[in-house]
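Trainee: requesting a structural model of the entry that follows:
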Amino acid sequence: MTHCILIGAPVDEGQRRPGCLMGPAAYRTAGLAGTLTALGHTIEDRGDVVPDRPGNETCANAAVHHLPETIAWTNALREAVAAALPEGMPIIMGGDHSLALGSVAGVAAHAAQTQRPQFVIWLDAHSDFHTLRTTTTGNLHGTPMAYASGLPGFGPFPPFPAPIPGENICMFGIRSVDPAEHAAMQDTEITVNDMRVLDEQGIVAPLRAFLNRVRATGGLLHVSLDVDFLDPSIAPAVGTTVPGGTTFREAHLVMELLHESGLVTSLDLVELNPFLDDRGRTAKLMVDLVGSLMGRKVFDRPTRSYG
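Mentor: The predicted structure follows:
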């Protein structure tokens with residue numbers, strides 16, 4: 001049994017397609033708490049995080065938008081997640097992926113305090129490895145992994161508490177990487193299991209190889225699950241669709257393997273945009289995936305009706 005701490009993060013400023021701020025409410029409506037309770041876990045919903053008033057931070061890249069608001073969210077979420085970890089497993093309900101600037105900072109701060117290595121598995125179509133200097137869209141949901149890795153170019157942000165070594169990061173299922181991100185990642189030890197790797201090797205071997213590294217070091221594992229990890233044919237409620245994502249069964253297999261590892265200590269659910277959904281289809285699928293992550297087997301999952 002796990003004490004699950006639900007933290008709403010209605011962040012919408014990291015990209016330009018409004019709607020992710022409705023994500024936390026959609027997860028609650030889709031029955032996330034009930035799903036976890038039915039599996040024997042205890043639930044504590046701490047409501048939605050409210051950031052402080054934004055400051056006046058600026059940067060040299062004119063494309064960057066909502067920088068002060070994103071910094072305020074980063075500070076608030078870092079504190080909320082770091083405070084939750086000693087008491088249970090935080091599940092951060094987003095919100096666009098810029099929320100991970102704060103959530104990953106929070107888990108890294110906790111790991112440093114407990115003197116355990118922090119690992120991250122990034123389930124996403126994108127690498128999110130831009131800095132404030134390299135982003136051309138100015139969308140800060142494309143920067144969390146560069147920030148967590150300690151790359152320069154984040155001057156207005158608070159220093160990342162304990163940069164995560166590349167060998168402790170696994171990008172899984174990516175299929176859209178900008179040239180600047182690709183160049184920056186060449187100098188790291190990040191494990192990149194893109195869709196070509198998964199097509200050739202399958203899900204199990206690459207994932208277990210990374211999980212074995214986490215286990216061997218006694219590490220903590222943060223899972224960041226982006227809706228666009230999934231193929232848009234089964235998960236349409238995201239503003240950054242990329243064809244060729246994971247299927248229903250592939251995604252559930254990832255969650256089942258993560259559960260069986262017993263290593264997951266925190267979770268992000270990001271980029272759900274209910275405004276783009278089809279009668280809650282994507283929200284329900286994401287809740288089902290959390291169910292698999294937390295122990296529900298395929299034959300236990302109830303039949304879903306979208307009619």
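
Trainee: CA atoms of stretch 10-23 as PDB?
Mentor: This file holds the C-alpha atoms of stretch 10-23, laid out as PDB (Å, rounded to 0.1, in the frame of the first residue of the first chain):
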ATOM      1  CA  PRO A  10      -2.900  23.800 -13.500                       C
ATOM      2  CA  VAL A  11       0.000  25.200 -15.500                       C
ATOM      3  CA  ASP A  12      -0.900  26.600 -18.900                       C
ATOM      4  CA  GLU A  13       1.900  29.100 -19.500                       C
ATOM      5  CA  GLY A  14       4.500  26.700 -20.900                       C
ATOM      6  CA  GLN A  15       2.900  26.600 -24.300                       C
ATOM      7  CA  ARG A  16       0.500  28.600 -26.400                       C
ATOM      8  CA  ARG A  17      -2.500  26.300 -26.800                       C
ATOM      9  CA  PRO A  18      -4.900  27.000 -23.800                       C
ATOM     10  CA  GLY A  19      -6.500  24.200 -21.900                       C
ATOM     11  CA  CYS A  20      -3.900  22.400 -19.900                       C
ATOM     12  CA  LEU A  21      -5.000  24.300 -16.800                       C
ATOM     13  CA  MET A  22      -8.100  22.200 -16.800                       C
ATOM     14  CA  GLY A  23      -6.000  19.000 -16.500                       C
END
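
Trainee: the longest helix in this protein is where?
Mentor: Ordering each helix of the chain by length in residues (DSSP state H) puts helix 67-84 first.

Trainee: list the buried residues in that helix.
Mentor: 67, 69-82, 84 (16 or more other C-beta atoms under 10 Å). Glycine gets a C-beta too; all of them are placed from N, C-alpha and C.

Trainee: what residues does stretch 174-188 touch?
Mentor: When contacts are defined by C-beta atoms under 8 Å, 6 or more residues apart in numbering, stretch 174-188 is touched by residues 122, 124-131, 134, 136, 146, 149, 151, 166, 169, 192-195, 242, 244-245.

Trainee: quick one: pLDDT of residue 100?
Mentor: For residue 100, the model assigns a pLDDT of 98.

Trainee: what sits closest to it if chain neighbours are left out?
Mentor: Residue nearest to residue 100 in three dimensions, not counting chain neighbours: residue 144, with 3.9 Å by C-beta to C-beta, 6 or more residues apart in numbering.

Trainee: quick check, the one you found in contact with residue 94.
Mentor: No. Contact criterion C-beta atoms under 8 Å: residue 144 and residue 94 do not qualify, at 11.4 Å.

Trainee: who has more neighbours, those two?
Mentor: With neighbours defined as other C-beta atoms under 10 Å, residue 144 and residue 94 compare such that residue 94 has more, 33 against 29.

Trainee: identify the bridge partners of that one.
Mentor: Under DSSP bridges, the beta-bridge partners of residue 94 are residue 9.

Trainee: now do the contacts for residue 171.
Mentor: So residue 171 contacts 122, 124, 127, 145, 190-194 (C-beta under 8 Å, 6+ apart).

Trainee: mind listing which of those residues are in helices?
Mentor: Per DSSP H, those map to helices at residue 145.

Trainee: same list (the contacts of residue 171) but as a markdown table, adding pLDDT and neighbour count.
Mentor: Converted to a markdown table, the contacts of residue 171 look like this (pLDDT from 0 to 100; neighbours: other C-beta atoms under 10 Å):
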| residue | pLDDT | neighbour count |
| --- | --- | --- |
| 122 | 98 | 31 |
| 124 | 98 | 28 |
| 127 | 97 | 23 |
| 145 | 98 | 30 |
| 190 | 98 | 22 |
| 191 | 97 | 19 |
| 192 | 97 | 18 |
| 193 | 97 | 21 |
| 194 | 96 | 16 |
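
Trainee: narrow the contacts of residue 171 to those in strands?
Mentor: The strands, defined by DSSP state E, take in 122, 191-193 from the contacts of residue 171.

Trainee: which one of these sits closest to residue 62?
Mentor: Checking the ones in strands among the contacts of residue 171 against residue 62 with C-beta to C-beta, the nearest one is residue 122 at 28.1 Å.

Trainee: in a strand, that's where residue 43 is, yeah?
Mentor: Yes. Membership of residue 43 in a strand is supported by DSSP: H, G, I helix; E, B strand; the rest coil.

Trainee: got a list of what residue 103 touches?
Mentor: 9, 77-78, 81, 90, 92, 222, 224, 266, 268.

Trainee: which secondary structure state is assigned to it?
Mentor: Applying three-state DSSP: residue 103 is helix.
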